[in-house]
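Colleague: I'd like to go over a predicted model; first the sequence, then the structure.
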Amino acid sequence: MKKKLDTKFSLALGLGILALVLGVGFLALKSAWIAVSIIILGIILLLLAVFLYKQQGKKHEVDYKTLFNVGLIFFVIGMSTKNPGMWIIGIAFFAIGLANRKRWKKQKKWSKLSKKERRFRIILIILLGILVLAGFVVFLLVNYRII
C-alpha cells in the first residue's frame, strides 16, 4: 500500500509542478484563459500531493536520478520556449540531482518488472504521448491564432 501511495504522490507532485510551470508559460503567450485553467489544475494536483503525503505517515525519500532527469527536461523545454522560469528551475533540479549522484536509486530493468508494473508503465507512456500530442496541437492552434 505504501509503494502505491509513493507512486501516486510522486505523480501528483510532478504533474502539479509541471502544470504550474506550463501555466506561467501560457501567460507569456498571452493566453490568459488557458493559463488560469492550467494553473488551477496544478494547484489541485499539488493539494492532492499534500493529501497523499499526509496519508503516508512517513517521510518521502528523494529520488535524485529522477530530479536530474526532470531538471534536464525542464531546461531543454525552457530554453526552446524562451521561458526563463522553466530553464532556471531546470538548472536547479539538474544541479541538485547531479550533486547527489551517489544517492541515485537503482532502476529495475524492464524484464524484472511484474506484469502489473509493466502494464502501468505502458499506460503511463501512452497517456504521456497523448499529452505531448495535445500540447503540440494547442501550440499550433495558438501559434496560428486559431484560438
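Modeller: That came through, no problem. Residues are numbered from 1 along each chain as shown.

Colleague: contacts, neighbours, all on C-alpha from now
Modeller: Will do.

Colleague: measure Trp113 to Leu48 for me?
Modeller: Rather than Trp, residue 113 is Leu. Counting by C-alpha to C-alpha, to the nearest Å, the separation of Leu113 from Leu48 is 27 Å.

Colleague: next one: Lys109
Modeller: Separation of Lys109 from Leu48 (C-alpha to C-alpha): 30 Å.

Colleague: So for those two, which sits in the more crowded spot?
Modeller: For Lys109 against Leu48, the residue with the higher neighbour count under other C-alpha atoms under 10 Å is Leu48, and the figures read 17 against 7.

Colleague: what about the more buried one, distance to Ile89?
Modeller: According to C-alpha to C-alpha, Leu48 stands 22 Å off from Ile89.

Colleague: Kindly report the same for Ile38.
Modeller: Plainly put, Ile38 is 18 Å away from Ile89 if you go by C-alpha to C-alpha.

Colleague: Compare neighbour counts for the two and give me the winner.
Modeller: Neighbours were tallied for Ile38 and for Ile89 using other C-alpha under 10 Å; the higher tally belongs to Ile38 (21 against 18).

Colleague: From what I see, that one and Ala19 are in contact.
Modeller: Yes: using C-alpha atoms under 8 Å, Ile38 and Ala19 qualify as a contacting pair, with a distance of 5.7 Å.

Colleague: Leaving out chain neighbours, which residue sits closest to Gly97?
Modeller: Phe68 (4.2 Å; C-alpha to C-alpha, 6 or more residues apart in numbering).

Colleague: what about Arg121, distance to Gly97?
Modeller: 23 Å.

Colleague: The two: who's more crowded?
Modeller: For Arg121 versus Gly97, the count of surrounding residues by other C-alpha under 10 Å is larger for Gly97: 24 against 13.

Colleague: pretty sure that one is in contact with Leu67, am I right?
Modeller: Yes: shown here, Gly97 and Leu67 form a contact pair, counting by C-alpha under 8 Å, at 5.3 Å.

Colleague: Please, where are all the helices along the chain?
Modeller: Here the chain has its helices, by DSSP state H, at 2-28, 32-56, 64-80, 84-99, 115-143.

Colleague: out of those, nearest to Lys105?
Modeller: Relative to Lys105, the nearest member of the helices of the chain by C-alpha to C-alpha is helix 64-80, separated by 6.8 Å.
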